[in-house]
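Enquirer: Turn this into a structure:
(one chain, ligands or ions: 2)
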Amino acid sequence: MMDKALSDRKVKSVVICGHNGKFCGGADIREFSSPLTGPLLIPVIQGVESAAKPVVAAIEGVALGGGLELALGCHYRIANSKARLGLPEVHLGLLPGAGGSQRLPRLIGVPAALDLITTGRHVTAAEALQLGLVDRVTDRNTVDEAVKFALSVADQSPQSRRISTFPCPRHPDLDALFEDVMQRVRQRARGALAPVACVRAVRAAATLPFPQGMERERELMATLFTSGQARAQQYHFFAQRAVGRWSMPSGARWDKTKPVAVHKAMVIGLGTMGRGIAVALVQAGVSVVAMETNEKQLTDAKQAISSMLERGAKRRGVAPALDKIRYSSDHSRRSRSALTGGP
Ligand SMILES: CC(C)(COP(=O)(O)OP(=O)(O)OC[C@H]1O[C@@H](n2cnc3c(N)ncnc32)[C@H](O)[C@@H]1OP(=O)(O)O)[C@@H](O)C(=O)NCCC(=O)NCCSC(=O)CC(=O)CCCCCCCCCCCCC(=O)O
Ligand SMILES: NC(=O)C1=CN([C@@H]2O[C@H](COP(=O)(O)OP(=O)(O)OC[C@H]3O[C@@H](n4cnc5c(N)ncnc54)[C@H](O)[C@@H]3O)[C@@H](O)[C@H]2O)C=CC1
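Expert: Ligands and ions are numbered 1, 2, ... in the order given. Now for the predicted structure:
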């Protein structure tokens, strides 16, 4: 279809839009676990970008991942005011591997591209306009607006609109910027490969010509693509949604049930897990009765829990809620009544 539009001499400009009010949410993540088939996205995007006639992306709903990378291959981007855009690949253990890591910094600058690519956050159409990621935002029918716009630029050459030909905007101290961002992503997700690879890919965009940058992007993506971390994060994506559908045998579901505030809890067993759970509950404002039958464990746990609470409180600049936790070493009614508030 695209080839036909690009080769038909009667067609002066082209609009790419999605289906059902969504531009494109990106690749089908399920396909990543089997050999890749179908037209590879990179040559498709290159074909769009190098077209001799203007190509306009009409962005409604979402333009995420490969969807936004396709939009970056277009010469103009018009977004609906309700649209969301982003490169969330980092959450799947990947990087934007269809040229996104190379085109985005050239379009919106290195600091903003690093932010979007390493956090994977979605931006609203308004923020996208402010960043220069889209050219226009409309409240009206996006496809109609994009068609009008495409007709208005039909006689213009798209030469100056090809992002791959843009120089990456200069930054006064690239080394310091990358060092700072690398340190922050390493702290935020210790041991995670994808955020580090994302920073390296953007660095390639900032320091190498486009073709070499693409080659670096490919190398980094090849390492991530088959990594255990990427598999785990993609599994997590579907598991999170499966949990959302999960229900009790009675039919009760978390999303159809009214939440009940929890003020008190009992933690039984103060080993590795119990200590952390007790601390998390106290930090969430819940009063805890912590019960442990082994005296030595109980003594160690008291010390460990107090110091975890003190460290956490210091970090947040508040007083440690040591009075929110009481310890017990027996299962008697007395310790249970501390929980229920009874005699
Ligand atoms: C889209 C959403 C914002 C929608 O949200 P919402 O309406 O709330 O619905 P959900 O409940 O979230 O989803 C509904 C339903 O859809 C399923 N789903 C959603 N998105 C996807 C998806 N992308 N893939 C598959 N399925 C999806 C979801 O699971 C639900 O179904 P259910 O589970 O049955 O309930 C929201 O869903 C969302 O945010 N989605 C994720 C968006 C995203 O992450 N997009 C990015 C995808 S990755 C991508 O696009 C990257 C690419 O395109 C890369 C292409 C380049 C590839 C280059 C490869 C190079 C490989 C190198 C190998 C070299 C090897 C060698 O050399 O050796
Ligand atoms: N440690 C981990 O990473 C994970 C542990 N779990 C599960 O969580 C549970 C606890 O694990 P850990 O904390 O690692 O074990 P642990 O062995 O470190 O701690 C268990 C504690 O419970 C105490 N205890 C046992 N019976 C008790 C009773 N009747 N009343 C009060 N205290 C009692 C023990 O004395 C011990 O101090 C286990 O079932 C484990 O399989 C689950 C996920 C991860």
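
Enquirer: Near Val286, how many other residues are there?
Expert: Number of residues near Val286 (other C-beta atoms under 10 Å) recorded here: 17. (Each C-beta comes from the backbone N, C-alpha and C, glycine too.)

Enquirer: Spatially nearest residue to it (excluding sequence neighbours)?
Expert: Excluding its sequence neighbours, the residue lying closest to Val286 (C-beta to C-beta, 6 or more residues apart in numbering) is Ala265, at 5.2 Å.

Enquirer: What does the one you found show for phi and psi?
Expert: Dihedral pair for Ala265: phi -150, psi 160, per degrees, to the nearest 10.

Enquirer: ok, now His19?
Expert: phi -130, psi 140.

Enquirer: Name the residues linked to it by a beta bridge.
Expert: Lys22 (DSSP bridges).

Enquirer: Thought Ala290 was touching the residue nearest to Val286, still the case?
Expert: No: judged on C-beta atoms under 8 Å, Ala265 makes no contact with Ala290 at a distance of 9.4 Å.

Enquirer: And the two? Which one has more around it.
Expert: A direct count of neighbours by other C-beta under 10 Å for Ala265 and Ala290 places Ala290 higher, at 27 against 16.

Enquirer: if I look at the more buried one, how far off is Val185?
Expert: Distance from Ala290 to Val185, counting by C-beta to C-beta, to the nearest Å: 36 Å.

Enquirer: now do Pro111
Expert: For Pro111, the distance to Val185 (C-beta to C-beta) stands at 14 Å.

Enquirer: neighbour-wise, which of these two wins?
Expert: Val185 (21 against 13).

Enquirer: hmm, who's touching the helix or strand harbouring the more buried one?
Expert: Under the criterion of DSSP states H and E, Val185 resides in helix 174-188. By C-beta atoms under 8 Å, 6 or more residues apart in numbering, the residues outside helix 174-188 that reach it are 110-111, 114, 118, 171, 192, 195-196, 198-199, 203, 206-207.

Enquirer: make it 7 Å
Expert: Val110, Pro111, Leu114, Thr118, His171, Pro195, Val196, Val199, Arg203, Ala206 (C-beta atoms under 7 Å, 6 or more residues apart in numbering).

Enquirer: Quick one: distance of stretch 200-220 to the chain centre.
Expert: Between the centre of stretch 200-220 and the centre of its host chain there is 21 Å, according to C-alpha atoms, centre = their mean, to the nearest Å.

Enquirer: try stretch 287-295
Expert: Centroid displacement of stretch 287-295 relative to its chain, using C-alpha atoms, centre = their mean, is 39 Å.

Enquirer: ditto for stretch 281-298
Expert: Mean C-alpha position of stretch 281-298 versus that of the full chain (C-alpha atoms, centre = their mean) differs by 35 Å.

Enquirer: what about that stretch, how long is it end to end?
Expert: End-to-end span of stretch 281-298 (C-alpha to C-alpha, to the nearest Å): 18 Å.

Enquirer: wait, does it contact ligand 2?
Expert: Yes: Stretch 281-298 comes into contact with ligand 2 (C-beta under 6 Å from any ligand atom), by way of Met291, Glu292, Thr293, Asn294, Gln297.

Enquirer: Now restrict the residues you listed to buried residues only.
Expert: Among the residues of stretch 281-298 next to ligand 2, those classed as buried by 16 or more other C-beta atoms under 10 Å are Met291, Glu292, Gln297.
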